[in-house]
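Q: sharing a model that was predicted from the sequence below.
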Amino acid sequence: MPDETETETQSAYSIWDQPPALGRRGMILAVVIPVLIAAAGFGVVTLISEGSDTAATTIKVPTGDWIPGQPTGSESIQGTLAVNAQRCVYLKNPSGEIWPVWPAGFRARLDSAGKVSLYDGKDHLVARDGEGVQARGIFTTPDNFSGETCLPAEDEVAVVQSEVTRVG
């Protein structure tokens, strides 16, 4: 007959002798099933996003230091928003091409069809490819903006010094 201390020792450690709640197969399934669900979800998201035409590439546009609230320029700047093969955003108008230096924070996005969209410093859409825009500013030499991409070497550039609005 076991003595009292031996019985206490056996009962105190009897929880360690019980079979586990999950066997080896259960543990493997507990790891594998969430991984498979995550992989399937990732595959669905990838498939959906590949079929989307909303993918766009951000392109840099020449910008100056004008911000809303500062004095505006005196000359009219207007034309139709366009982009060339070098991904340079410009304005087309009856007198030719205008190469704008946009206000601080402006940027553009090029979609998969090669159409450009122009955004202001607050990420609001200003205009899309083929839409007319107008602003006020000054015309000057590109020498004042050395280091900026997409500016002509010799022609004047239009420094936008006002809000840019869509027309027509």
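A: Looks like it arrived, so ask away.

Q: ok, Thr63 - contacts?
A: Val101, Trp102, Pro103, Ala104, Gly105, Phe106, Glu148 (CB atoms under 8 Å, 6 or more residues apart in numbering). The C-beta positions use only the backbone N, C-alpha and C, and glycine is treated the same way.

Q: now pLDDT, distance to Ala127 and secondary structure too, for these, in TSV please.
A: Converted to TSV, those look like this (pLDDT from 0 to 100; distance: CB to CB, whole Å; DSSP: H, G, I helix; E, B strand; the rest coil):
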residue	pLDDT	distance to Ala127	secondary structure
Val101	95	16	strand
Trp102	95	11	strand
Pro103	95	14	coil
Ala104	92	18	coil
Gly105	93	16	coil
Phe106	94	11	coil
Glu148	83	20	coil
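
Q: nearest to Ala21 among these?
A: Distance ranking of those against Ala21, using CB to CB, places Gly105 first at 58.7 Å.

Q: ok, and the closest non-adjacent residue to the closest one?
A: Sequence neighbours aside, Gly121 is the residue nearest to Gly105 in space, at 2.4 Å (criterion: CB to CB, 6 or more residues apart in numbering).

Q: pull the most distant pair out of the contacts of Thr63.
A: Using CB to CB, those reach their maximum pairwise distance at Gly105 and Glu148, which is 14.3 Å.

Q: picking that back up, now for the residue nearest to Gly105, how many residues are close by?
A: For Gly121, the count of nearby residues is 14 (other CB atoms under 10 Å).
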